[in-house]
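1. This is a predicted model, with the sequence first.
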Amino acid sequence: MRNQWKVNDQSMAILEIKNLHVSVGEKEILKGIDLVIKDHEVHALMGPNGNGKSTLLQAIMGHPKYTVTEGSITLDGKDVLSMSVDERSKAGLFLGMQYPQEIPGVTNSDFLKAAINARREKPVSLFQFIKQMEGAIQELEMKPDLAHRFLNDGFSGGEKKRNEIVQMKLLQPQIAMLDEIDSGLDVDALKVVASSIRKQKEETGLGLIVVSHYERFYQLLQPTHAHVLVDGRILVSGDQSLAQKIDQEGYEWISKEYHVELQSEEDPYQRISLGACAASKRG
């Protein structure tokens, strides 16, 4: 069943990124990204740490520390860069974070109900909301008291990641970006999360960009497209077999074949929560 929370439903979603350049301070991180993600597609985004994968997802969602200096991002033809973070969410974008924030004092149920109602002209009924949330909690095999717990407060790493998927299930985006959502999950939880993601894709036509370092997760999700991002550029694209090759051979062959130096440094901004829309100063 297509997105039951959205007021203005659309039969097809297309996220299009053209010549995207993004900087943090004086440092340019993304150096011309071209990418098109459509509904029903799963795009595996791979590359060594520190090469721009999280930057791309955060810039799409509107992280205030990332400045778009050139290029465009559109969702169904609408200018994403002109939207605030909440407008991007309402338009159908979702980011499952690598480091979900803890928010003491705000329960999961209050947070999700407010987020859902922000997308609707008429507030969701309490019965419908409870039914949907309980269904998502059961599907992700989380504790029944999740709805009444403060958002990510005191959660284990694995619980935080599964809670991101609970949010995705209820918010029903058109395009979801998952940033290492599999880290912190044991083998059984990994299967549960992957199964839930696949189910949502099949039922709603969800389009996905998935960042992971583990080919096992990609095996479970069965990506339709795969991309390797090195030094702020997508150097190689292919299908699921590309993820398998990276798992077996690493990235050294890309370094040799494309004559690039592999970066390997942690992004110091990836733990900062979302705030306002990413600045845009196009030249």
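-> Perfect, I can see it now.

2. who's the residue most central in space within the chain bridged to?
-> With distances taken as C-alpha atoms, centre = their mean, residue 177 lies nearest the centre of the chain, 1.7 Å away. Taking DSSP bridges as the rule, residue 177 bridges to residue 95, residue 209.

3. wait, doesn't it sit right on residue 93?
-> Yes. At 7.4 Å, residue 177 counts as touching residue 93 under the criterion of C-beta atoms under 8 Å. All C-beta atoms are positioned from the backbone trio N, CA, C, and that covers glycine.

4. tell me, what's touching these two both at once?
-> Listed as contacting both residue 177 and residue 93 by C-beta atoms under 8 Å, 6 or more residues apart in numbering are 60, 61.

5. list the contacts for the residue nearest to the centre of the chain?
-> Applying C-beta under 8 Å, 6+ apart, one finds that residue 177 lies in contact with 57, 60, 61, 93, 94, 95, 96, 208, 209, 210, 211.

6. Can you tell me how far it is from residue 62?
-> From residue 177 across to residue 62, the span is 12 Å (C-beta to C-beta, to the nearest Å).

7. Same check on residue 104?
-> To residue 62, residue 104 is 24 Å away according to C-beta to C-beta.

8. between these two, which one's more packed in?
-> residue 62 (26 against 9; other C-beta atoms under 10 Å).

9. can you give me phi and psi for that one?
-> Backbone torsions for residue 62, taken as degrees, to the nearest 10, come to phi 110, psi 30.

10. Check the one 10 residues further on too.
-> The main-chain torsion angles of residue 72 are listed as degrees, to the nearest 10 and equal phi -140, psi 160.

11. Start the count at 24 instead of 1 going forward.
-> Noted, 24 is the first residue going forward, which turns the last one into residue 95.

12. Give me the pLDDT for it.
-> You'll see residue 95 listed with a pLDDT of 98.

13. quick one: contacts for it?
-> Listed by C-beta under 8 Å, 6+ apart, the contact set of residue 95 reads 39, 40, 41, 42, 43, 102, 104.

14. Also residue 230?
-> 36, 38, 60, 61, 62, 63, 64, 65, 66, 197, 198, 199.

15. Please convert the buried members of the residues you listed into PyMOL selection syntax.
-> In PyMOL, a selection of the buried entries from these looks like this (16 or more other C-beta atoms under 10 Å):
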select buried, resi 36+38+60+61+62+64+65+66+197+198+199
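
16. Restricted to strands, list the contacts of residue 230.
-> 38, 60, 61, 65, 66, 198, 199 (DSSP state E).

17. where does this structure have low pLDDT?
-> Applying pLDDT under 70 to the chain picks out residues 24-34, 286-306.

18. Endpoints of stretch 114-125, how far apart?
-> Start to finish, the residues bounding stretch 114-125 are 25 Å apart (C-alpha to C-alpha, to the nearest Å).

19. buried set for it?
-> Under the neighbour-count criterion of 16+ other C-beta under 10 Å, stretch 114-125 has 114, 115, 116, 117, 118, 119, 120, 121, 122, 123 buried.

20. Hmm, residue 198 and the second one touching each other?
-> Yes. With contacts defined as C-beta under 8 Å, residue 115 counts as touching residue 198 at a distance of 6.2 Å.

21. which neighbours do these two share?
-> Counting by C-beta under 8 Å, 6+ apart, the contacts common to residue 115 and residue 198 are 36, 98.

22. if I pick residue 259, what's in contact with it?
-> Residue 259 sits next to 250, 251, 265, 277, 281 when contact means C-beta under 8 Å, 6+ apart.

23. just the buried members of those?
-> The neighbour-count test (16+ other C-beta under 10 Å) applied to the contacts of residue 259 identifies 250, 251, 265, 277 as buried.

24. From those, which land in strands?
-> Among these, the ones falling in strands (DSSP E) are 250, 251.
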